[in-house]
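> Test case, fold it:
(one chain, ligands or ions: 1)
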Amino acid sequence: MRGKRVVVLTGAGISAESGVRTFRDNDGLWEDHRVEDVATPRAWASSPDVVWRFYQARRRQLREVEPNPAHHALVKLEEGLVDFLLVTQNVDDLHERAGSGDVLHMHGELSVMRCEISGRIEHRMEAADLKESYLACRCCVEPSRMRPHIVWFGEMPFGMTRIYEAVETCDVFVVVGSSGHVYPAAGLVDVARSAGATTVLVNLERPENADRFDEVHLGPAGELLPRLVTTWLDG
Ligand code: APR
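Sure, this is the predicted structure:
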């Protein structure tokens, strides 16, 4: 892969071995909640307390988990390549904590909060920021409520212009730990294929969209990815 333009897209599967639960292997429930009850603008408008408690629990969980060998392998890959973009659907901060330099969080980030009035974002992970009470912004004259900086169902993912530009011009597109159910992320493999890139999947099980990849490596990412990265950088 050296000298090639590489885009990696990660999903919940890469954080599974760190102890963060994935979305689609629990009967459609995410940490015992239906996604429509906690991950939609409608839920925030109608039951903000439920949504807030849910995200504060997810945010506190960040302090209990650590990056795993798959996150570390992607740092090594980034260090070995000149043209590399890491896009993640994950809202955890495990790529950053492993040492990845430039992470594009297309579905937002748990560690960041957004003022509902001004839209200004702030990293808020101090102990006082993780309590049950709502967080107030520091930007408005009359401090307003903040919401999680998360892309809920029905909202536009972040960074799509940069993502499409990178995928349309890459030589290799790698997906790690994603079931390929949620668009537009799930459609990026087709964009890469149309652009003539080699497409590679690393996933625990064979997902529905597996036939759109030139190479499929099945198994736990924490075991497979360190070996694959060594091969990719040597080859
Ligand atoms: N190693 C590799 N893959 C794994 C591992 C592992 N250790 N454990 C689980 N997987 C695979 C599962 O087999 C599954 O195919 O990871 C995939 C996770 O799929 P999803 O739970 O659907 O996660 P993801 O594709 O990231 O979901 C996309 O959906 O709910 C939304 O916004 C949320 O970003 C999320 C999006």
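
> what's downstream of the helix or strand bottoming out on mean pLDDT in the chain, the next helix or strand?
Least confident helix or strand of the chain, by mean pLDDT, DSSP states H and E, is strand 29-30 with a mean of 69. Tracing the chain past strand 29-30, the next element assigned as helix or strand by DSSP states H and E is strand 33-34.

> Okay, now the sheet partners of that following strand, with direction.
If you go by DSSP bridges, strand 33-34 pairs up with strand 29-30 (antiparallel).

> Report the secondary structure state of the residue nearest the centre of the chain.
Compute the mean C-alpha point of the chain, and by Cα atoms, centre = their mean the closest residue is N90, 2.0 Å away. Of the three states, N90 takes coil under DSSP: H, G, I helix; E, B strand; the rest coil.

> List the contacts of it.
10-12, 14-15, 20, 105, 107 (Cβ atoms under 8 Å, 6 or more residues apart in numbering). C-betas here are computed from N, CA, C, even on glycine.

> Can you check the residues you listed and name whichever has the most neighbours?
Among these, I14 has the most neighbours (other Cβ atoms under 10 Å), with 34 neighbours.

> quick one: the residue nearest to the centre of the chain from F173, how far?
17 Å (Cβ to Cβ, to the nearest Å).

> near the ligand, which residues of the protein show up?
For the chain, the residues in contact with the ligand (Cβ under 6 Å from any ligand atom) are 11-13, 16-17, 22-24, 35, 89, 107, 177-179, 181-182, 203-205, 207, 220-221.

> rerun at 8 Å
10-14, 16-17, 22-25, 30, 35, 39, 70, 89-91, 107, 151, 153, 176-182, 185-186, 202-205, 207, 219-222, 224 (Cβ under 8 Å from any ligand atom).

> Just the buried ones from those residues?
Taking 16 or more other Cβ atoms under 10 Å as the criterion, what is buried in the residues of the chain next to the ligand is 10-14, 16-17, 22-24, 30, 39, 70, 89-91, 107, 151, 176-180, 182, 185-186, 202-204, 207, 220-222, 224.

> Which ones among these map onto strands?
In strands, judged by DSSP state E, the following of these are found: 10, 30, 176, 202-203.

> Now do the helices in this protein.
In the chain, the helices defined using DSSP state H lie at 13-16, 35-38, 41-46, 48-61, 69-80, 94-98, 160-168, 188-194, 221-234.

> Check these for me and report the most buried one.
Ranked by mean neighbour count under mean count of other Cβ atoms under 10 Å, those are led by helix 13-16, which reaches a mean of 26.

> Export only the CA atoms of it, formatted as PDB.
Listed next in PDB are the C-alpha coordinates belonging to helix 13-16 (Å, rounded to 0.1, in the frame of the first residue of the first chain):
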ATOM      1  CA  GLY A  13     -17.100  -3.600  15.200                       C
ATOM      2  CA  ILE A  14     -13.700  -2.000  15.600                       C
ATOM      3  CA  SER A  15     -14.600  -0.900  19.100                       C
ATOM      4  CA  ALA A  16     -16.300  -4.200  20.100                       C
END
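
> which ones are touching the spatially closest residue to E155 that is not a sequence neighbour?
Sequence neighbours aside, P41 is the residue nearest to E155 in space, at 6.6 Å (criterion: Cβ to Cβ, 6 or more residues apart in numbering). P41 makes contact with 152, 154-155, according to Cβ under 8 Å, 6+ apart.

> now the residues you listed in a markdown table, with pLDDT and neighbour count?
As requested, the contacts of P41 are arranged in a markdown table below (pLDDT from 0 to 100; neighbours: other Cβ atoms under 10 Å):
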| residue | pLDDT | neighbour count |
| --- | --- | --- |
| W152 | 96 | 19 |
| G154 | 93 | 10 |
| E155 | 96 | 13 |
